[in-house]
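Q: below are the sequence and a predicted model; questions follow.
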Amino acid sequence: MNIADSAVYTETKLPVVWKHRELFFALGGGLFLLLGIFTASPAAALFFYLLSYVCGGYFKTKEGLEDLITDRKLNVEILMILAALGAASIGYWNEGAILIFIFAMSGALETYTLQKSEKDLAALVKLAPMEALRIDDRGQQIIVPVESLRPGDLIMVRNGERLPADGIVQNGISAVDEAAITGESVPVEKLPGDTVYNGTMNGSGTLTLKVTKENKDSLFQKMIQLVEEAQTSRPPSQKLIERIEGPYVITVLAVVFLMLTVPTLLFAAPFQETFYRAMVLLVVASPCAVVASIMPALLSAISTGARHGILTKGGLPLESLIKVKVVAVDKTGTLTKGEPAVTHIHMEPGAETQTALLEIVAGIEEQSSHPLAKAVTQYAEKYIHKKASIDTVKDITGFGVQASAGSDTWLVGNESLVSAGPWSRKAAQLHQQWMKDGHTVVFVMKNNTPQAIFALKDEVRKEAVKLVTELKRRGIHPVMITGDNEATAKAIAAETGIEEWISRCLPEQKVKEIEKLRSSFGAAAMIGDGINDAPAMAKADIGIAMGSGTDVAIDTADMVLMKSELSKIRLAFQLSYRLKRIIMQNLIFSIAVIALLITANFAQHLTLPLGVIGHEGSTILVILNGLRLLRS
């Protein structure tokens, strides 16, 4: 995607008056209408009414004629044009101008609503850097387009600049504002080895980064793609209304033709009165409010979601979420943080002091890239001021490591690595209990003498329990699907309150389980973050990806939680419920108003001004009702 050519991007640079030109034209038409009403001279009044017609009706007339000529499609604008011209033809210039003004105002208000609802999404595009400072093989700095960056390139980002690519910090320390990506308001300190994202703002330090993804594959560009899809897609309900709009308009025109001919030819009714009633029918039968019942509300909901870190691929996910009856949730990285952490430590009798042991273990484990080793090192660093000097470290694949420090030999690893040691009964009991509770146990031995055991666990996210509770409250059945073993799955399920879980699931098995859930419960959603979750997310009715997840998961998902907060799913359900409620309110209200006005017209109790106010007023009300979804 070329950001510079983006319609959203260029639109934000236009003057405010031009950006909201439709609203200003509508107001201009209203001004000429007032001048016509309060002008004593009939000729001057007619002149101002003509200006009101032209100024207020320009955009709607243009829209209606473009659809008629280009797409050969009839729409509500054609009905309004015919009604206004018909009113003028029988001398009702005042009423026709009022119709044009209110119709133009409702259209301008709808356009303004759509612009406002898209504002939070379109703002993302402006944040995308266009150029990067690349460091070549000779160490020289060259300004290049971001599209030319490739994985492995080195780039420099000065203080106060936006990062032009996803990458890993090579040199420098800085605090990076990641609000555009994660919604986190507090800048995050970045050190060498940390991951950074395109579109985020560098703080006071200068960073050298190694590019990890091309511009088109960066997380930021994926967000922009979601923006484009959200702005252009139409949900099924809106497509249905757009499909029936043309036939409905033809039906109204046919009824109007019959009203013009039958009473006059068969019953000798006065033509002017018959024509007047036909013009009133043109106004009140127009489905303006019905057409405006959905998209303003939908885009308002999408905007509110985006403001809180929920990006959706169009309106279908939000509209369909309310139908979900079962939610399948991945464990690692979704219900849990995806990073193991030390939860317990047991020191054996006669072992080294805990501080001395942690210094040794930290010195050994820092030389390993294994996630468990990293977790043990991070735990030890909280309680020690230095790490012991280690002479050699030998990796024993699948078991752990063997290290030497001075004359001592240390073993750090799983039960198989240290099975020869005479472990105490307490250690054996704790080992069994921790394993039952879903922990991973790391043993430490010095010169074949047991020293300590560590319990590590991928901690459950704080909001996971609240999510499960919320799903149950809404009558939605939560199911955990994981590739982990049965004991760990059972422990995590108990901790989160999930009553049904499926363990040892490979990716293809997850797809089959989603199919079973859909056949048993109905519409299903799948929440995940990894490559192994993508097939199941694609199979589910709605796939929801964690923002910290893999590119494949994000690409496959219908909805992305940019800050990886499960609590945002609750907001998504709330938005879906509110969206359905407001759309139903709008449709019922708008259809009822049309039916009432048509009945009153056939009973000859409705004047053209009242018909205009009732019809166009209902359109404005449904737009304002949809705008309520912009509130959090």
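A: Nice, I can see it.

Q: now the helices for the stretch 501-632 of the chain?
A: With DSSP state H, counting those that start in this stretch as the definition, the stretch 501-632 of the chain shows helices at residue ranges 507-521, 534-539, 551-556, 567-602, 608-627.

Q: nearest to residue 368, out of these?
A: Between residue 368 and the helices of the stretch 501-632 of the chain, the tightest spacing by C-beta to C-beta is seen for helix 551-556, at 27.1 Å. Bear in mind the C-beta positions are built from the backbone N, C-alpha and C, glycine included.

Q: quick one: average confidence on the closest one?
A: Mean per-residue pLDDT for helix 551-556: 75.

Q: what is it packed up against?
A: Applying 3 or more C-beta pairs under 8 Å, 6 or more residues apart in numbering; DSSP states H and E, we find helix 551-556 packed against helix 219-232, helix 534-539, strand 542-546.

Q: lowest-confidence stretch among those?
A: helix 219-232 (a mean of 61).

Q: look up the closest residue to residue 204, ignoring the ones flanking it.
A: residue 159 (4.9 Å; C-beta to C-beta, 6 or more residues apart in numbering).

Q: actually residue 205, not the one I wrote
A: residue 174 (3.1 Å).

Q: neighbours around residue 95, how many?
A: 24 (other C-beta atoms under 10 Å).

Q: now it, what's its secondary structure?
A: helix (DSSP: H, G, I helix; E, B strand; the rest coil).

Q: that one contacts residue 87, correct?
A: Yes. Residue 95 lies in contact with residue 87 (C-beta atoms under 8 Å); the separation is 5.1 Å.

Q: find residues that contact each of these two.
A: residue 608 (C-beta atoms under 8 Å, 6 or more residues apart in numbering).

Q: for the stretch 301-450 of the chain, which segments count as helices?
A: Going by DSSP H, counting those that start in this stretch, the stretch 301-450 of the chain shows helices at 316-320, 354-365, 371-381, 425-436.

Q: can you tell which of these is closest to residue 605?
A: Comparing the helices of the stretch 301-450 of the chain by C-beta to C-beta, helix 316-320 comes nearest, at 38.4 Å.

Q: show me what that closest one is packed up against.
A: Counting by 3+ C-beta pairs under 8 Å, 6+ apart, helix 316-320 packs on helix 236-267, helix 295-307, helix 567-602.

Q: just for the stretch 1-150 of the chain, where's the confidence low?
A: 1-18, 113-127 (pLDDT under 70).

Q: again, only this time at 50
A: 1-13 (pLDDT under 50).

Q: ok so, going back, pick the most deeply packed of the helices and strands packed on helix 316-320.
A: Mean neighbour count (mean count of other C-beta atoms under 10 Å) peaks for helix 295-307 among the helices and strands packed on helix 316-320, with a mean of 25.

Q: tell me which other helices or strands it touches.
A: helix 93-126, helix 219-232, strand 310-312, helix 316-320, helix 567-602, helix 608-627.

Q: same for the helix or strand that the first one is followed by, what does it pack against?
A: So the one you mean is helix 93-126. Downstream of helix 93-126, the next assigned helix or strand under DSSP states H and E is strand 131-135. Counting contacts by 3+ C-beta pairs under 8 Å, 6+ apart, strand 131-135 is packed against strand 141-145, strand 154-157.

Q: 10 Å instead?
A: The elements that strand 131-135 packs onto, with contact taken as 3 or more C-beta pairs under 10 Å, 6 or more residues apart in numbering; DSSP states H and E, are strand 141-145, strand 154-157, strand 207-211.

Q: and the residue nearest to residue 205, what is it in contact with?
A: Taking C-beta atoms under 10 Å, 6 or more residues apart in numbering, we find residue 174 in contact with 157-159, 187-191, 194, 196, 201-207.

Q: also residue 323?
A: Residue 323 neighbours (C-beta under 10 Å, 6+ apart): 522, 523, 524, 525, 541, 542, 576, 580.

Q: please check the residues you listed and keep the buried ones.
A: 523, 524, 525, 541, 542, 576, 580 (16 or more other C-beta atoms under 10 Å).

Q: thought the fourth one was touching residue 322?
A: Meaning residue 541. No. Using C-beta atoms under 10 Å, residue 541 makes no contact with residue 322, being 11.4 Å away.

Q: okay, and the common contacts of these two?
A: With C-beta under 10 Å, 6+ apart, residue 541 and residue 322 have common neighbours residue 523.

Q: give me phi/psi at the residue of the chain most remote from its centre?
A: For the chain, the largest distance from the centre (C-alpha atoms, centre = their mean) belongs to residue 268, which lies 61.5 Å off. Dihedral pair for residue 268: phi 50, psi 40, per degrees, to the nearest 10.

Q: any low-confidence regions in this protein?
A: 1-13, 183, 185.

Q: can I get the helices and strands packed on helix 316-320 in a markdown table including distance to residue 212?
A: Output for these, formatted as a markdown table (distance: least, C-beta to C-beta, whole Å):
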| stretch | distance to residue 212 |
| --- | --- |
| helix 236-267 | 38 |
| helix 295-307 | 25 |
| helix 567-602 | 26 |
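
Q: nearest the middle, which residue of this protein would you pick?
A: Geometric middle of the chain (C-alpha atoms, centre = their mean) lands on residue 311, at 1.2 Å.

Q: for that one, name its beta-bridge partners.
A: residue 560 (DSSP bridges).
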